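Colleague: here are the coordinates; sequence isn't available:
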Ligand SMILES: CCC/C=C/C=C/C(=O)SCCNC(=O)CCNC(=O)[C@H](O)C(C)(C)COP(=O)(O)OP(=O)(O)OC[C@H]1O[C@@H](n2cnc3c(N)ncnc32)[C@H](O)[C@@H]1OP(=O)(O)O
Ligand SMILES: NC(=O)C1=CN([C@@H]2O[C@H](COP(=O)(O)OP(=O)(O)OC[C@H]3O[C@@H](n4cnc5c(N)ncnc54)[C@H](OP(=O)(O)O)[C@@H]3O)[C@@H](O)[C@H]2O)C=CC1
């Protein structure tokens with residue numbers, strides 16, 4: 001009897017597996033049928049969500065604001081009335097972005113060169129910001145470095161480079177501005193951009209995972225400590241959003257993107273404009289009661305990866321009839 005059940009279960013498992021394989025290959029062969037059709041339910045909205053003028057008379061510093069997600073956040077804040085300062089290593093890139101955005105929004109965007117790994121450079125950058133606009137009301141720590149690499153291939157300098165940009169850089173910017181804001185009795189909103197694997201950890205991006213986890217600890221700790229100075233600290237954990245900076249270092253051949261889309265329940269990558277809207281809300285006075293929050297923004301990818309039985313999505317209704325009959329037949333334990 002046991003052998004009959006095992007034999008039947010084995011055959012069923014084979015049926016389920018081979019139909020899952022057929023399903024997968026249909027999906028892969030059809031330029032992402034599942035992702036395409038699911039994504040139709042979740043179209044990204046690209047326009048600014050908050051009322052126009054929400055950031056009038058407010059200054060915002062965005063590290064890494066010259067490219068990718070930082071650039072999108074800068075564009076949205078600027079469109080909503082903020083005077084923005086973008087800071088990173090490449091002044092030419094910053095200046096180009098600043099000109100493009102301010103010519104579209106009519107609001108000034110300042111470009112300031114700064115390597116966040118160097119505390120002295122950070123201090124000088126904040127001097128410049130004070131001279132240009134005064135201390136900011138909004139600080140977005142978005143600058144980062146990353147690449148996929150087996151951990152056994154990492155040199156000490158590779159480890160140091162990533163953790164210096166991500167964890168030390170965020171700490172230097174946050175502490176330098178925090179101290180000066182406290183001295184001037186000025187409140188501010190601090191936002192850190194981490195990632196979904198800051199919580200779970202992830203192989204092949206271990207320096208980034210370790211440093212992003214550190215950033216989350218830093219921001220949660222300061223949310224508790226510096227509320228008394230008028231400072232809010234929040235974290236956004238993005239899932240995959242196509243940018244040149246990230247995808248050239250995490251998916252250099254383009255081979256992983258389809259797999260990412262397939263495991264995202266909303267069936268698509270995020271867009272820079274979507275995260276820019278969320279960052280604007282978190283940094284705005286509409287969120288003035290929000291502090292210490294960790295907001296996952298990933299189309300459902302994290303929970304999809306985590307659930308033990310989520311692969312059962314590929315079981316067909318006919319297969320479910322068989323499975324259910326087997327389960328119902330079981331008596332006792
Ligand atoms: C999909 C969902 C989750 C996604 C999460 C995404 C998270 C992100 O953070 S994406 C952001 C990606 N953007 C960037 O990384 C932009 C900035 N990056 C860079 O400037 C560079 O890539 C780098 C981080 C390497 C820093 O550049 P820098 O010029 O300062 O460093 P290097 O001198 O080039 O390198 C320093 C040491 O690292 C070693 N190294 C560099 N690349 C690799 C690699 N691909 N594999 C292994 N090791 C690498 C390099 O050899 C140096 O070490 P050493 O030789 O021992 O001196
Ligand atoms: N795109 C994605 O799928 C995801 C991105 N993220 C996070 O979003 C943020 C933005 O990433 P994304 O826009 O995709 O990638 P980008 O590579 O476009 O952005 C990274 C920015 O960091 C700046 N930067 C790097 N090193 C330094 C440094 N030492 N000092 C100052 N600035 C520096 C870069 O400018 P420069 O070279 O001029 O210094 C660049 O503008 C990062 O925090 C990243 O970890 C998280 C999850 C997913």
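Modeller: Received it, and whenever you're ready, just let me know what you need. Note that this is a predicted model, so its numbers are computed, not measured. Residues are numbered from 1 along each chain as shown. Ligands and ions are numbered 1, 2, ... in the order given.
Colleague: can you list the weak-confidence ranges in the chain?
Modeller: Along the chain, the model assigns pLDDT under 70 to residues 1-36.
Colleague: list the buried ones in stretch 49-63?
Modeller: Within stretch 49-63, the residues that qualify as buried are 49-50, 54-55, 58-63, counting by 16 or more other Cβ atoms under 10 Å. No exception for glycine: its C-beta is placed from N, CA and C like everyone else's.
Colleague: scratch that, stretch 264-279
Modeller: The neighbour-count check on stretch 264-279 (16+ other Cβ under 10 Å) flags 264, 266-279 as buried.
Colleague: Ligand 1 contacts on the stretch 1-150 of the chain?
Modeller: For the stretch 1-150 of the chain, the contact set with ligand 1 under Cβ under 6 Å from any ligand atom comprises 144-147, 149.
Colleague: My read is that residue 79 contacts residue 47, right?
Modeller: No - between residue 79 and residue 47 there is no contact under Cβ atoms under 8 Å: 9.1 Å.
Colleague: between these two, which one's more packed in?
Modeller: residue 79 (21 against 8; other Cβ atoms under 10 Å).
Colleague: and that one, what is it in contact with?
Modeller: For residue 79, the contact set (Cβ atoms under 8 Å, 6 or more residues apart in numbering) comprises 48, 52, 104-105, 107.
Colleague: Return the member of those nearest to residue 85.
Modeller: Nearest to residue 85, judged by Cβ to Cβ, of the contacts of residue 79 is residue 107 at 11.8 Å.
Colleague: Please identify which residue in the stretch 151-300 of the chain comes closest to ligand 2.
Modeller: residue 245 (1.8 Å; Cβ to the nearest ligand atom).
Colleague: for that residue, what are its contacts?
Modeller: 67-68.
Colleague: Which SSE is immediately downstream of the helix or strand hosting residue 223?
Modeller: Taking DSSP states H and E as the criterion, the element that holds residue 223 is helix 206-225. The helix or strand immediately downstream of helix 206-225 is strand 231-238, counting by DSSP H and E.
Colleague: before we move on, the earlier item: buried members of the contacts of residue 79 into PyMOL, please.
Modeller: Applying 16+ other Cβ under 10 Å to the contacts of residue 79 leaves a buried subset, and the PyMOL line that selects it is:
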select buried, resi 48+105+107
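Colleague: any idea how far residue 175 is from residue 199?
Modeller: From residue 199 across to residue 175, the span is 24 Å (Cβ to Cβ, to the nearest Å).
Colleague: who's more crowded, those two?
Modeller: More neighbours surround residue 199 than the other of residue 199 and residue 175, with 17 against 14 (other Cβ under 10 Å).
Colleague: Looks to me like that one is in a helix.
Modeller: Yes - counting by DSSP: H, G, I helix; E, B strand; the rest coil, residue 199 is located in a helix.
Colleague: Give me the nearest residue to it, chain neighbours excluded.
Modeller: residue 237 (7.0 Å; Cβ to Cβ, 6 or more residues apart in numbering).
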